[in-house]
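give me a model of this one.
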Amino acid sequence: MDISSLFFLFVIIPSAIIHEYSHGWVADQLGDPTARYAGRLTLDPRAHMDLWGTFIMPVVLFFMTGGKFLFAYAKPVPYNPYNLKNQKWGPAMVALAGPASNLLLAAVFGLLVRFMPVSSQVMANMVSLFSVVVYANVLLAIFNLVPIPPLDGSKVLFAIMPDSMWQLKQVLEKYGFFILIAFILFFSHLISPVIGWVYGVFVGA
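Just a heads-up that it's a prediction; the model follows:
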């Protein structure tokens with residue numbers, strides 16, 4: 001495991017925590033205080049860490065894919081969609097808050113990558129590490145927008161899906177986890193060009 005991959009694992013965990021916090025914060029703003037009552041509206045990592053998603057899965061994926069695909073997630077923030085003021089679009093807005101927070105982080109560190117003066121090897125190393133931060137957050141955002149339950153993209157899909165497709169929604173909700181595992185193992189490369197393109201936009205590559 002090279003230094004970039006190791007740093008990636010350290011970066012993706014707090015990025016996933018910010019992702020989950022954003023879900024809870026937006027839900028709270030839209031009328032659902034569930035996350036706040038559960039003590040999850042905090043950036044304290046202890047409130048968000050999940051043994052499998054935060055620690056075990058990233059290491060397993062690293063070795064299964066030879067370091068080509070790394071991913072982690074924090075414990076999902078609880079929320080009650082029936083408390084949201086907007087019943088149709090509220091769940092989609094809560095879902096989009098997570099990827100949006102990651103894209104915002106990617107944008108901030110992307111600006112540092114673009115404009116930080118590389119006047120020494122130390123500065124060059126910092127720029128390289130900041131690039132990892134950008135990539136990790138772009139990966140989190142794009143992957144979570146895949147429309148497979150329980151990923152955030154599925155909530156957006158369900159919001160725009162016509163009522164006549166309720167059977168498809170039921171199938172996705174019932175078998176989404178298994179479809180997601182299959183996607184990660186066999187089809188995750190399909191989103192790599194999108195991740196690369198968005199990453200390039202942020203760092204100016």
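
isn't Val198 right up against Val138?
Yes: with contact defined as CB atoms under 8 Å, Val198 counts as touching Val138 (4.9 Å). Placement of C-beta: from N, CA and C, glycine included.

what touches both of these two?
103, 106 (CB atoms under 8 Å, 6 or more residues apart in numbering).

where does this structure have its least confident helix or strand?
helix 57-64 (a mean of 77; mean pLDDT, DSSP states H and E).

please report phi then psi for the nearest residue to Met126 once chain neighbours are set aside.
Distances taken as CB to CB, 6 or more residues apart in numbering put Met116 closest to Met126, at 7.0 Å, once the chain neighbours are dropped. Dihedral angles of Met116 (phi, psi; degrees, to the nearest 10) stand at phi -70, psi 130.

show me what contacts the closest residue to Ala107 other than its chain neighbours?
Spatial nearest neighbour of Ala107, excluding adjacent residues (CB to CB, 6+ apart): Phe202 at 6.0 Å. Residues near Phe202 by CB under 8 Å, 6+ apart: 106-107, 109-110, 113, 134, 138.

repeat that with 6 Å
Phe202 makes contacts with 106-107, 110, 134, as judged by CB atoms under 6 Å, 6 or more residues apart in numbering.

what values do phi and psi take at Pro78?
phi -70, psi 140.

what's the local residue count around Ser164?
7 (other CB atoms under 10 Å).

and what of Leu151?
For Leu151, using other CB under 10 Å, the count is 21.

for it, which non-adjacent residue is closest in space?
Asn144 (5.2 Å).
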